[in-house]
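**Q** model this:
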Amino acid sequence: MHRPVRLPAREWFTVDDSTLDIALVYPMQGPAGVFGPTCETCARLAAEEINKTGGVLGKELRLIEVDGGAEPRQVAAEVEALVATGVVQGVTGWHISSVRQAMAPRIAHRVPYVYTALYEGGESTDGVYLTSETPAWQLLPAMRLLTEARGVRRWFVVGNNYVWPRCTARAARRYAHDSRGRVCGEAYLPLGAEDFHDVLRRIERADADAVLMLLVGSDAVRFNRAFAAAGLDRRCLRLSTLMDENMLLGSGPEATVDLYSTAGFFASLADQNTMDFHGRYADRFGTAAPTPGSLGESCYEGVLLLAALIERARTLDVTAIGATAGTVSYEGPRGLVGLEGRHVRQRIYLAQADGVDFNVLAQLRAPHELG
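**A** Numbers count the residues shown, from 1 in each chain. Reported below is the predicted structural model:
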């Protein structure tokens with residue numbers, strides 16, 4: 001069976017015209033490395049399924065792995081070299097916004113680029129398409145619902161110190177104000193943070209009703225453990241827009257009490273698309289494979305969308321792909337979805353942690369439905 005390929009530098013200049021090669025950029029190190037394995041398996045499943053039905057433009061779709069957990073400029077340079085030498089004809093994958101911002105200006109005018117991570121919104125670079133959630137569709141309705149259902153008025157933001165958490169926090173201030181609440185404190189930590197003592201004391205002194213967690217991967221895992229050990233889970237809830245089942249497992253059931261997550265996909269969704277996906281995933285990788293939560297599953301979506309964009313345009317030309325993108329749709333684990341502008345529009349859910357799994361509570365209303 002096909003496996004993604006990691007090309008050493010000496011092979012970068014070897015081009016195979018019988019395949020359509022796509023750079024799969026996902027984290028193999030750093031805080032996000034905790035869900036890197038599920039990014040790889042979900043993307044691999046999508047590529048294999050596409051190839052079983054004839055590939056893309058009659059060619060076998062092959063994934064070329066790139067470590068998206070490295071320093072952003074290093075990732076951008078590696079991917080640009082693959083693009084410039086013709087080794088890859090497209091790019092997709094989950095990586096943090098700092099990597100996207102470094103990479104997009106260097107590649108998006110050359111090849112189609114499908115970004116699968118939830119992000120802060122506002123990306124408008126030609127050639128970039130986005131499959132995942134943004135604050136207006138994900139965070140705003142979740143904050144509204146928790147304000148109504150739990151009486152949350154005072155929010156404390158804890159995030160990593162880069163563009164996604166800081167921009168999302170700016171949006172959260174507006175959303176809290178619109179719900180007659182406020183953000184009563186903010187703290188930003190470097191990626192790889194391990195000491196949360198001072199932040200936990202600030203949360204306690206602020207008398208917060210809820211903590212908005214904008215932490216990546218293992219940073220969120222360590223924060224969950226410290227938060228519970230300090231007893232703060234008994235006095236305020238947590239809401240995260242980046243929390244999957246693999247991160248719950250890493251946190252442990254004793255550290256996930258009163259923890260909420262919002263996303264376009266949860267492994268525990270009981271609809272037909274999700275169950276079909278789980279069946280194919282388990283058949284291919286076995287029951288011991290990484291859980292395909294929302295973060296890894298987004299890479300499945302990314303491969304599907306990239307293939308659909310190219311097939312619709314019948315070319316790899318970025319301008320031609322952009323001209324037909326508005327008519328592109330595909331059906332995957334998140335159902336039948338299409339593009340609105342450069343973004344996939346999809347259903348978004350709110351779930352509550354139940355040990356190391358999620359109980360999906362509600363489908364959230366879209367921004368235009370909130371009034």
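**Q** So which residues of the stretch 101-250 of the chain form strands?
**A** According to DSSP state E, counting those that start in this stretch, the stretch 101-250 of the chain carries its strands in the segments 113-115, 128-130, 154-160, 182-189, 210-214, 237-240.
**Q** and Gly98, how many neighbours does it have?
**A** Small correction: residue 98 is Ser, not Gly. Around Ser98 sit 18 other residues, with neighbours defined as other CB atoms under 10 Å. Bear in mind the C-beta positions are built from the backbone N, C-alpha and C, glycine included.
**Q** How about it: what's its closest non-neighbour residue?
**A** Of all residues not flanking Ser98 in the chain, Pro72 sits nearest, at 4.6 Å (CB to CB, 6 or more residues apart in numbering).
**Q** Run a quick neighbour tally on the one you found.
**A** Neighbours of Pro72 under the rule other CB under 10 Å: 18.
**Q** Equivalent analysis for Gly231, please.
**A** The local packing of Gly231 (other CB under 10 Å) involves 10 other residues.
**Q** For it, report the pLDDT, please.
**A** Among the per-residue scores, Gly231 shows a pLDDT of 96.
**Q** measure it to Arg154 for me?
**A** Distance, Gly231 to Arg154, using CB to CB, to the nearest Å: 18 Å.
**Q** what's the answer for Ser240, then?
**A** Distance, Ser240 to Arg154, by CB to CB: 17 Å.
**Q** quick one: which of those two has more around it?
**A** Between Ser240 and Arg154, counting by other CB under 10 Å, Ser240 is the more crowded of the two (23 against 16).
**Q** Run through the residues that contact the more buried one.
**A** Shown in contact with Ser240 (CB atoms under 8 Å, 6 or more residues apart in numbering): Leu212, Met213, Leu214, Leu215, Ala220, Leu259, Tyr260, Ser261, Thr262.
**Q** so what's the second one bridging to?
**A** Just to be clear, that refers to Met213. Beta-bridge pairing of Met213 under DSSP bridges involves Val158, Ser240.
**Q** Trp195 - how many residues pack around it?
**A** Residue 195: Asp, not Trp. Counted with other CB under 10 Å, the neighbours of Asp195 add up to 10.
**Q** Is it correct that Thr38 is in contact with Leu295?
**A** Yes - assessed by CB atoms under 8 Å, Thr38 is found in contact with Leu295 at 7.0 Å.
**Q** list the residues that contact both of these two?
**A** Contacts common to Thr38 and Leu295, judged by CB under 8 Å, 6+ apart, are Asp244, Asn246.
**Q** Please report the distance of Asp244 from Leu215.
**A** Distance from Asp244 to Leu215, by CB to CB: 13 Å.
**Q** Which one of those two is surrounded by more residues?
**A** Neighbours were counted for Asp244 and for Leu215 using other CB under 10 Å; Asp244 has more, 28 against 25.
**Q** Spit out the contact partners of the more buried one.
**A** Applying CB under 8 Å, 6+ apart, we find Asp244 in contact with Phe35, Thr38, Ser261, Ala263, Ala267, Thr291, Gly293, Ser294, Leu295, Gly296.
**Q** swap the cut-off to 7 Å and go again
**A** Residues near Asp244 by CB atoms under 7 Å, 6 or more residues apart in numbering: Phe35, Gly293, Ser294, Leu295.
**Q** Just give the nearest non-adjacent residue to it, would you?
**A** Spatial nearest neighbour of Asp244, excluding adjacent residues (CB to CB, 6+ apart): Gly293 at 2.9 Å.
**Q** what's around the one you found, how many residues?
**A** Neighbours of Gly293 (other CB under 10 Å): 25.
**Q** Could you report the separation of the residue of the chain positioned farthest from its centre from Val199?
**A** Most distant residue from the mean C-alpha position of the chain: Arg205, 32.2 Å away (CA atoms, centre = their mean). Plainly put, Arg205 is 11 Å away from Val199 if you go by CB to CB.
**Q** Same check on Arg334?
**A** Arg334 is 34 Å from Val199, where distance means CB to CB.
**Q** Next: Thr319.
**A** Using CB to CB, Thr319 is found at 47 Å from Val199.
**Q** Which of those two has more residues huddled nearby?
**A** A direct count of neighbours by other CB under 10 Å for Thr319 and Val199 places Val199 higher, at 21 against 11.
**Q** Hmm, Phe156 and that one touching each other?
**A** No - taking contacts as CB atoms under 7 Å, Val199 lies outside contact range of Phe156: 8.8 Å.
**Q** Show me the contact partners of stretch 61-75.
**A** Applying CB under 7 Å, 6+ apart, the contact partners of stretch 61-75 are 2, 4-7, 19-30, 32-33, 36, 43-44, 47, 50-51, 55, 78-79, 82, 87-88, 93, 95, 98-99, 102-103, 307.
**Q** Buried subset of those, written for PyMOL?
**A** A single PyMOL command is used to select the members of the contacts of stretch 61-75 judged buried by 16 or more other CB atoms under 10 Å:
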select buried, resi 4+7+19+20+21+22+23+24+25+26+27+28+30+32+33+36+43+44+47+50+51+55+78+79+82+87+88+93+95+98+99+102+103+307
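**Q** which ones among the contacts of stretch 61-75 are found in helices?
**A** Assigned to helices by DSSP state H, the following of the contacts of stretch 61-75 qualify: 36, 43-44, 47, 50-51, 78-79, 82, 98-99, 102-103, 307.
**Q** Take the contacts of Asp244 and lay them out in CSV including secondary structure and distance to Ile348.
**A** As requested, those are exported to CSV (DSSP: H, G, I helix; E, B strand; the rest coil; distance: CB to CB, whole Å):
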residue, secondary structure, distance to Ile348
Phe35, helix, 19
Gly293, coil, 15
Ser294, helix, 10
Leu295, helix, 15
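**Q** tell me the contacts of the spatially most central residue of the chain?
**A** Taking CA atoms, centre = their mean as the criterion, Ala117 is the residue nearest the geometric centre of the chain, at 2.9 Å. Counting by CB under 7 Å, 6+ apart, Ala117 makes contact with Trp94, His95, Ile96, Ser132, Ser298.
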